[in-house]
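**Q** This is a predicted model, with the sequence first.
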Amino acid sequence: MAYMSEGAEGLRSIPALLKRNVSQFGGKPAYREKEFGIWQSWTWEETSAEIEALALGLLNLGVNRGDYVAVIGRNRPTLYWSIVAAQMCGAIPVPLYQDAVAEEMEYVLDHCGARFVVAADQEQVDKVIEIQDDLHQFEHMIYVDPRGMRKYDHRTLHEFSHVQEQGRAARDEFMAELEARRGSLGYDDTCVMLYTSGTTGKPKGVVLSNRNIIETAKASSEFDHLGPGEEVLAYLPMAWVGDFIFSIGQAYWTGFCVNCPESADTMMTDLREIAPSYYFAPPRVFETQLTQIMIRMEDASPLKRRMFHHFMAHARRVGPRILDGKPVGAWDRAKYALGEWLVYGPLKNTLGFSRVRVGYTAGEAIGPEIFDFYRALGINLKQLYGQTEASVFITQQPDHEVRPDTVGVPSPGVELRIDESGEVFYRSPGVFVEYYKNVDSTADTKDPEGWVATGDAGFIEEGSGHLRIIDRAKDVGKMADGALFAPKYVENKLKFYPNILEAVVFGAGRDRCCAFINIDLTAVGNWAERNNIAYGSYQELAGHPQVLDMIEGHVEETNASIAEDEMLSGCQVHRFLVLHKELDADDGELTRTRKVRRKIIGEKFADLVTALYDGSESIYTETEVTYEDGRKGKIRATLEIRDAKVVPVAPRAAVAAE
Amino acid sequence: MKDTEGYMTADGRQIGGVLMELRNITLRFGGVVAINDISFDIREGEIRAIIGPNGAGKSSMLNIISGFYTPSEGELWYQGAKRPPMKPYEVARMGVARTFQNIALFEGMSVLDNVMTGRLTHMTAGIASQALWWGRARDEEIANRAVVEKVIDFLEIQRIRKTPVGRLPYGLKKRVELARALAAEPSILLLDEPMAGMNVEEKEDMSRFILDVNDEFGTTICLIEHDMGVVMDLSDRVVVMDYGKKIGDGAPDEVRGNQDVIDAYLGVPH
């Protein structure tokens, strides 16, 4: 394809790519956003004009080279334009998580010393105003949605469209300056700074250069043969590196169209309307969707339900093989084709996956059962393994070599190394420049030769060359008897059950494993309704004896499945409890990307962990919770602790000793 | 008109001249006097509340304003002219929209269709044109849909646009009703107990929407509400009724200190 053979040279920045896209794909849509019920679109030409007007407006406000411009809000074209406009001015964009509370924002805004903030709406503006007195470098804020903003003090506050208007008006004055700044953007200049979600400690600002982003976008686009005709739905947090690579890096490199949903609530409808060809989601999204399918099938008529289960069983057996191009018998193929017509096709259409050509899941390990479900439907869902520090891509699965237990082969340009302790190291053109204002951490993570520690333990499978990740290196431990302890593995098995939203398994250095379980309110609530179980609150439902019975069943089934794995059979869950509250990022129990913060949970619920191990049958506890508006409260509960049956495993002294 | 001066509210909003004036209104049902010689006015851009114990005649008052009842005695002046007795749909065409105490939506229709019915007063295309979906009917529907979508966006109900109203929880139905009233682009909006039966969170949301409507569109709002906290926080001026009589009128703080009002609410031997 001609547009790809140009090489990265000459296209040294996102604004440079924008210019190329205008000349190559000028009239093709670059952005779409659903607004007032209609998909509004902007071509590359229009996009370029909007971004330029904004960049001129920013110059008018006094943005200097090297300034930090924070961008806060949900995925909207205007905010993506703000990122590129900041780059055009030689400034460094810093996207922030929009659901962060004011204190979290304060840390990041203060750390990067942002002089400018582009905020989506009143909610975000209010948060910044709350903390602005403590931000010494902060000067101006631009907001996109003017609703409710009329009475605010507008000395340092500017409406997005006004900034653009002023930019257009001052075109003659600033155009030469803008051209100069745009032209001087170098390949090793900073493209973006992204804050890690921080499973441990404070977030760190990862500095990524134009080289990191463009080389990565180029390599990964070629890997999956992405072309200008792709459609993606941008719905994941803009502060997350994945969204930056997909919605900016790859979108500008290949010139495909980025679609923004109407609001976070309408995401599923919008997904269906757009039917993306290239789709990306963390395991959590696939888990939620599967849960919803299962709930809806429970409520379907008996005929439909039987048809669904019959054909899904068939799909699970042959679907992944057909997708991988492996030999499948004629009869099975015919039956699969019938299933496609009756069940899989309509289901994919409902989910918005009819046109998915390449789908990725990453961010966390996905449960093999969930993964196989989507593959069985004929959706080319693959796993990739990556990090912010690598500009996402470390390994990914090539088409026809997809398996749930590996994360694929090294991405183009990536070198892998496993050290003695089993930790995975990589080196690639995408490797980050540094952690901002944090020399020590940079040195700890990246050695002088450019090798970066992932913090994950894994091994390269012989024969296929695929990487298998066992767990976070610091989570993988040994139990008291020396058996391998991999909590994530067990948790993912538990999370396959639609009723279980989250699980946290303990067991490092102990004689057996125990677990916290979070029920899924949607699934369990639906089940309760069908079984005439009354409940007044989440807490009451979570503590209901019948719910506990059900969860106990799930845990025991999981134990049976774990017992089949020789290496990990010691990880069976002996005792568990169902938590009285949902684990929440606002309480610091999850990261903003919804990963479990194991250590913090262990400390916060230390009393519960003790109770799991000391044999008590119930425990009274008080927990502090943070409400959405930042207020704090306490919830009290008495939790019942259940024992689960474990499958006895013959001691394999020889294996354990190895 | 007595005065067109207006006043400034505590939070700095400029309230305009008198938009609607009720002069010596009396309403009788046979021998029962529901409303007894009440006069008050509603000014442009203000949030005017009518409060009072059960059976005080508040809803009857709203029904007079909306044209559902014709007063037995008294005059109603609207936009500087005396309003002759009218049918409710004629009143609606003059820019008066309302919501109901008991939700009155079409349960089987989608939210979008329900809100579209609020545009009925703005549709003039004939039945043939409507049926054929051609010419004026089509242009009109597109223009009306644009207004409706702005309202949907404003009240943040995009997610339920295509959901049948019957499937929605109570709080959302109330919001849809407000949306339908707003779609009519009224100059005066009558809300009959907009927060009845809501939980605290829903009340907070509804209050915010009422304030936003007033702030963004400058719509004059006349509301009946039982939650005193809400009334005192939201409204600029309050009329207090008891047994069909007006016993107080003024800013929330004045009304709160009025002995007759305190008696009416706490109860005194009659």
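**A** Yep, it's here. Residues are numbered from 1 along each chain as shown, chains lettered A, B, ... in the order given.
**Q** give me every residue that touches residue B:155.
**A** B:175, B:178-179, B:182, B:209 (CB atoms under 8 Å, 6 or more residues apart in numbering or on different chains). Placement of C-beta: from N, CA and C, glycine included.
**Q** repeat for residue A:79
**A** Residue A:79 makes contact with A:71, A:73, A:95, A:118, A:120, A:144, A:238 under the criterion CB under 8 Å, 6+ apart.
**Q** Quickly list the domain ranges of the chain.
**A** Assuming you mean chain A. What the record gives for chain A is the domain set A:11-210+A:236-248, A:477-657, from automatic domain parsing.
**Q** My question was about chain B, not that one.
**A** If the domains of chain B are taken from automatic domain parsing, they occupy B:1-92+B:196-205+B:222-270, B:96-185, with pieces of a single domain joined by a plus sign.
**Q** what's the burial count for the residue in the stretch 201-350 of chain A positioned nearest to chain B?
**A** Residue of the stretch 201-350 of chain A nearest chain B, by CB to the nearest CB: residue A:265 (3.8 Å). The burial metric for residue A:265, expressed as a neighbour count using other CB atoms under 10 Å in any protein chain shown, is 14.
**Q** Likewise for the one 5 residues further on?
**A** Residue A:270: 23 surrounding residues under other CB under 10 Å.
**Q** Doesn't it lie inside a helix?
**A** Yes - residue state for residue A:270 (DSSP: H, G, I helix; E, B strand; the rest coil) corresponds to a helix.
**Q** Show the model's pLDDT score for it.
**A** If you check residue A:270, the pLDDT there is 92.
**Q** ditto for the one 3 residues further on
**A** Note on residue A:273: pLDDT of 92.
**Q** now residue A:540
**A** 90.
**Q** now the helices: where do they sit in the stretch 551-658 of chain A?
**A** Ranges of helices in the stretch 551-658 of chain A, per DSSP state H, counting those that start in this stretch, are A:598-604, A:606-614, A:653-657.
**Q** rewinding a little: I'd guessed the residue of the stretch 201-350 of chain A closest to chain B sits against residue B:163; true?
**A** No - at 11.6 Å, residue A:265 does not count as touching residue B:163 under the criterion of CB atoms under 8 Å.
**Q** Name the residues of chain A found near chain B, please.
**A** Counting by CB under 8 Å from any CB of the partner chain, the residues of chain A close to chain B are A:35-38, A:147-148, A:150-151, A:262-263, A:265-266, A:269.
**Q** by contact count, what packs against the lengthiest helix in chain A?
**A** Selection of the longest helix in chain A by residue count, based on DSSP state H, yields helix A:302-323. With contacts defined as 3 or more CB pairs under 8 Å, 6 or more residues apart in numbering or on different chains; DSSP states H and E, the packing partners of helix A:302-323 are helix A:283-298, helix A:330-339, helix A:368-376.
**Q** looking at those, which is buried most?
**A** Mean neighbour count, computed with mean count of other CB atoms under 10 Å in any protein chain shown, is highest for helix A:368-376 among those, reaching a mean of 21.
**Q** so where's chain B shaky on pLDDT?
**A** Segments of chain B classed as low confidence (criterion: pLDDT under 70) are B:1-4, B:266-270.
**Q** Residue B:52 and residue A:385, how far apart?
**A** For residue B:52, the distance to residue A:385 under the criterion CB to CB, to the nearest Å works out to 67 Å.
**Q** Surely residue A:81 forms part of a strand?
**A** No - counting by three-state DSSP, residue A:81 falls outside a strand, being helix.
**Q** what about it, how many neighbours?
**A** Residues contacting residue A:81 under the criterion other CB under 10 Å number 27.
**Q** Touching, it and residue A:49? I think so.
**A** No - proximity of residue A:81 to residue A:49 does not meet the contact threshold set by CB under 8 Å, at 10.2 Å.
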